[in-house]
Each structure stands twice: as C-alpha cells, then as structure tokens.
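> My questions are about this predicted structure, shown below with the sequence.
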Amino acid sequence: MDGRLDISVVMCTWNGVRFLQEQLDSILDQTYPVREIIVQDDGSTDGTWDLLKQYSRLHPLIRIYRNEAAHGINGNFFSAMARAQGDYIAISDQDDIWEPRKLEIQAQAIGDKMLCSARSVPFSTDGYPVKVDRRRPNTHLIRLAYICELPGHSMLFRRRLLDFIHDGEHSMLYYDTQILDVAAAAESIVYVDKSLVHFRRHAEAATASRPLQTRLLSMGALEYVWTSLIHHRRLQWEVRRRMMTVKAILEACPFDTVSRREALEMCSLQLKRGPWAALKRIHFFVRHSHVLFHADEPRSAVRWLRAIFFNWSCGYYYRAYIGQPKTT
C-alpha cells in the first residue's frame, strides 16, 4: 500500500441511529486511506440497521454484519475485530466524531509500537454534564491495572495484539482495557497529545458516568474518602476480582518487561489478606507512586499520602458495584 499502514476501522453499533450518520461521515472523510470499515450491529431495534444498509450501498468500503443474538459489548467487539483483514485496527464508537486527520496523525506516530492512542475531548449536545480533563494520561501498566486511561475509541493498534488475549469475550474487563493492558505489558504504547476524537457524552451511552470534582477538600474528594472507608470491604472484593483477571491476562503474555513483572507482583499483593499483606501493599504503592496516579502529578508529600491511602481507596474506581450482588 505504498508504505501506508493497512488499517481496518472497526465499529460496533446498538440503537445508535441518532448519532451514527455523523460518525460514519467523519470516518469516510479521513485524510488517510483505509482498507475497510467493518460495522457490526448487535440487534438494534431503531433505524440503525437500515442506515447501515444505506451507507454500505453508497460506500463499498463499508462491510456490515448483524448478530443473530445479542453479543454484548465484549462479544460484539471481539467478533467484529476478528473480521478485520488489515494489519492495524482502529476502534470507533457509534456516537463520536473524528477529526479529519485522526488516522493520518496516528499512523505517523505509532512507529514500531503496538498501540497508539490520542486525546479525546468529551462533549454533549443534550445537556449531559461533561468535564474536560487536560492532564496527560498515565500509560504505565500499574495504573492501567486499575483503570482504563485510554478509551477504545482513541486506539490504533497492531492486529497481532489480539493474539495475546484469550477468552476475552467472557472477561469482566472491557475489550479496550484488555487490549491496553497487553500493550502496556509489552511497554509498547505511544500517546499523541492532540485532540483527535470528539467523545459524545449522553445518558444512553454504555459507559455513561457523571464527572466528579476531585480537588482537595472539594465535595468530590470528601465523597471519595468517605466511600472508600465506609464501603471498604465491598470495594476490596471488587479489587481482588479485578486483580485476578489482570493477573491471568499478564501471565498469558510472553513479554519479559519490568512493567509486567511489577504489575504481577502488585496483583499478587492485592490477592493476599491480613495486616502484613496490607503493609507490603502500602510499601509497594509508595515506592511506585510516580506511576500510580496521573503522569503529570508532581512529586510531593500529598502524592505519598495518597499512595498510602491507596491501600483503602483503590476500590473507589468500582463504586458502581456498591449495592449490587457479588458475582464470581
């Protein structure tokens, strides 16, 4: 392809007719040529499928598929990505808008890395609250083991990354978190600090969540401390469940990197109980405080205090599970 990357764009849809046309147009208007645009629908009941059929007739580049039964987010994306014929895959959500040079800029930036991400800026057209976080995301595996810093819709990655993910459809982790953890285990992520995706926020979005104030002594910060302590046992159960999953993913990776070894140590510490294990975790968090929080967070006493408290607060990421029954 004349030195160009062989890229497949993969999108999954479900009842997204309200915003789908705008996103399809932004992909078709990319300055960088792609091999194909794969769109797989998970049983939409609105006009999504009719719109996809219309676009596929007008644009042969678009290949559409419809699941006979609902696959869910992970099942839909993993099966759609398996259809990709390109050496690289760019993930697309159904309701975002891409900048025209998104793929061009990422194709130039990825180099010999396995994954390239870029800044996505949230926006809303229906009054849904949004918060723009200007901080540079942390791409270290120790951070990513707890939270997905780089969303799937921002990713361009080598298709062979999927070879290292086993049984991904049935994982408790979203597909993009699994992909990101494997790339981080290989220490093979590049981040483009340019706004290339306009990330639409609305109540019907699968990952809808309201922004929280986290400034010191803000109501959000106080709620963070209160929730972490009051619901500690329930949240730590979720932490252990997640660390078991992350540990299994990393053990299946063939990469002999410092990040992978340290993350496996952390997962093992999180799975142990008792005061001695707690002290070991605190020591680990303080020692790795420079990669535990945001990348641009300065070295300070506050950062070390946060690292100590992280032994109790790391479950806060999973507060949505409070009140829900435990699942295996």
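All right, it came through fine. Quantities reported herein were computed from a predicted structural model and do not represent experimental measurements.

> CA atoms for contacts and neighbours, from now on please.
OK.

> which intervals of this protein have sub-threshold pLDDT?
1, 202-219, 295-297, 328 (pLDDT under 70).

> Repeat the analysis, applying 90 as the threshold.
1-3, 68-70, 124-135, 167, 201-222, 294-302, 325-328 (pLDDT under 90).

> Tell me where the longest strand sits in it.
Counting residues, the longest strand found in the chain (DSSP state E) is strand 189-200.

> list the helices and strands that strand packs on?
strand 97-98, helix 102-109, strand 115-123 (3 or more CA pairs under 8 Å, 6 or more residues apart in numbering; DSSP states H and E).

> got the contact list for that strand?
Residues outside strand 189-200 that contact it (CA atoms under 8 Å, 6 or more residues apart in numbering) are 95-99, 101-102, 106, 109-110, 113-124, 136, 139, 153-154, 183.

> what does stretch 157-172 give?
By CA under 8 Å, 6+ apart, stretch 157-172 touches 74-75, 78, 86-90, 114-116, 175, 178-179, 182-183, 242, 245, 249, 252-253.

> Which ones among these map onto helices?
Members of the contacts of stretch 157-172 lying in helices (criterion: DSSP state H): 74, 75, 78, 175, 178, 179, 182, 183, 242, 245, 249.

> correct me, but the first one touches residue 174?
Yes: with the criterion set as CA atoms under 8 Å, residue 74 and residue 174 qualify as a contacting pair; they are 6.1 Å apart.

> does residue 157 sit in a helix, a strand or a coil?
Put simply, residue 157 is strand when judged by DSSP: H, G, I helix; E, B strand; the rest coil.

> Next, find the distance separating it from residue 137.
According to CA to CA, to the nearest Å, residue 157 stands 18 Å off from residue 137.

> Buried ones among the contacts of stretch 157-172?
74-75, 78, 86, 88-90, 114-116, 175, 178-179, 182-183, 242, 245, 249, 253 (16 or more other CA atoms under 10 Å).

> deepest of the helices and strands packed on strand 189-200, which one?
strand 97-98 (a mean of 24; mean count of other CA atoms under 10 Å).

> Counting by contacts, list what that strand packs against.
By 3+ CA pairs under 8 Å, 6+ apart, strand 97-98 packs against helix 17-28, strand 189-200.

> tell me which residues in the first one are buried?
Translated: helix 17-28. So helix 17-28, judged by 16+ other CA under 10 Å, has buried residues 17, 20, 21, 23, 24, 26, 27, 28.

> Let's have the residues you listed in TSV, adding distance to residue 2.
Output for the buried residues of helix 17-28, formatted as TSV (distance: CA to CA, whole Å):
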residue	distance to residue 2
17	36
20	31
21	30
23	27
24	25
26	24
27	21
28	20
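
> about what we covered before: need the helices and strands packed on strand 189-200 in JSON lines (columns: distance to residue 301).
Compiled in JSON lines, the helices and strands packed on strand 189-200 are given as follows (distance: least, CA to CA, whole Å):
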{"stretch": "strand 97-98", "distance to residue 301": "40"}
{"stretch": "helix 102-109", "distance to residue 301": "36"}
{"stretch": "strand 115-123", "distance to residue 301": "29"}
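
> Go through stretch 166-181 and flag the buried ones.
Neighbour count says stretch 166-181 has 168, 169, 171, 173, 174, 175, 176, 177, 178, 179, 180, 181 buried, by 16+ other CA under 10 Å.

> Can you give me the end-to-end span of it?
Stretch 166-181 end-to-end distance (CA to CA) = 13 Å.

> and the residue lying closest to residue 271 once chain neighbours are set aside, what helix or strand is that in?
Counting by CA to CA, 6 or more residues apart in numbering, residue 271 lies nearest to residue 240, which is 5.6 Å off, once chain neighbours are set aside. Assigned by DSSP states H and E, residue 240 belongs to helix 232-251.

> which residues are contacting that helix?
Counting by CA under 8 Å, 6+ apart, 145-146, 165-166, 171-173, 178, 181-182, 185, 228, 260, 264, 267-268, 270-271, 312-316, 318-319, 321-322, 328 sit against helix 232-251.

> Sitting in helices, which of those residues do you find?
Short answer: the contacts of helix 232-251 in helices (DSSP H) are 178, 181, 182, 185, 228, 260, 264, 267, 268, 270, 312, 313.

> Save these as JSON lines, and put in distance to residue 9 too.
Shown next, in JSON lines, are those (distance: CA to CA, whole Å):
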{"residue": "178", "distance to residue 9": "18"}
{"residue": "181", "distance to residue 9": "21"}
{"residue": "182", "distance to residue 9": "20"}
{"residue": "185", "distance to residue 9": "24"}
{"residue": "228", "distance to residue 9": "39"}
{"residue": "260", "distance to residue 9": "29"}
{"residue": "264", "distance to residue 9": "32"}
{"residue": "267", "distance to residue 9": "33"}
{"residue": "268", "distance to residue 9": "37"}
{"residue": "270", "distance to residue 9": "37"}
{"residue": "312", "distance to residue 9": "40"}
{"residue": "313", "distance to residue 9": "37"}
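
> Sort out which of those residues are buried, if you could.
Buried, going by 16+ other CA under 10 Å: 178, 181, 182, 185, 228, 260, 264, 267, 268, 270, 312, 313, out of the ones in helices among the contacts of helix 232-251.
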